[in-house]
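Enquirer: everything below, folded, please.
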Amino acid sequence: MKANPLWFGFLEAGTKSSPVVRSARLSTGNPKTIYLFNFNRNNIIEYDHNIVEVKLRELDADEKETVKILKLAFNKVFKEFKPREKPDYFGNIS
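Expert: Model (predicted):
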């Protein structure tokens, strides 16, 4: 069975808490960071993996209805998402 490329969860960060989506298709190119779709900010944001990982949890059973809304919002933003540009060997942005 094929693994789901999307993970739906919740970022518990006080007043900045939000439902989030993690996509296996998005890579920052840096093992220390991850991209998460932050529903409250309606944006895909790069987070420090070590800081954010302990603040993530899967959605509870009563939150599962949120998945449909999250998936629609994520897909809309994902279509226009462009990862940050990485500098080349000489520090120039391509």
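Enquirer: and the longest helix for this protein?
Expert: helix 66-80 (DSSP state H).
Enquirer: which ones are touching the residue at minimal distance from the centre of the chain?
Expert: Residue closest to the average C-alpha location in the chain (Cα atoms, centre = their mean): L36, at 1.1 Å. By Cβ atoms under 8 Å, 6 or more residues apart in numbering, the contact list for L36 reads 11, 20-22, 44-45, 47, 52. Glycine gets a C-beta too; all of them are placed from N, C-alpha and C.
Enquirer: and the residues you listed, which are buried?
Expert: 11, 20-22, 44, 47, 52 (16 or more other Cβ atoms under 10 Å).
Enquirer: then stretch 9-24 to PDB, C-alphas only?
Expert: C-alpha atoms of stretch 9-24 as PDB (Å, rounded to 0.1, in the frame of the first residue of the first chain):
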ATOM      1  CA  GLY A   9      -1.600  17.700  12.300                       C
ATOM      2  CA  PHE A  10      -1.600  20.500  14.700                       C
ATOM      3  CA  LEU A  11       1.300  22.800  15.700                       C
ATOM      4  CA  GLU A  12       1.000  23.600  19.400                       C
ATOM      5  CA  ALA A  13       2.800  26.900  19.800                       C
ATOM      6  CA  GLY A  14       0.600  29.100  22.100                       C
ATOM      7  CA  THR A  15      -1.000  32.000  20.300                       C
ATOM      8  CA  LYS A  16       0.700  30.900  17.100                       C
ATOM      9  CA  SER A  17      -0.900  27.400  17.200                       C
ATOM     10  CA  SER A  18      -2.400  26.200  13.900                       C
ATOM     11  CA  PRO A  19      -3.500  23.100  12.000                       C
ATOM     12  CA  VAL A  20      -0.700  22.200   9.600                       C
ATOM     13  CA  VAL A  21       0.000  19.900   6.600                       C
ATOM     14  CA  ARG A  22       3.400  18.300   5.900                       C
ATOM     15  CA  SER A  23       4.000  17.100   2.400                       C
ATOM     16  CA  ALA A  24       6.500  14.400   1.400                       C
END
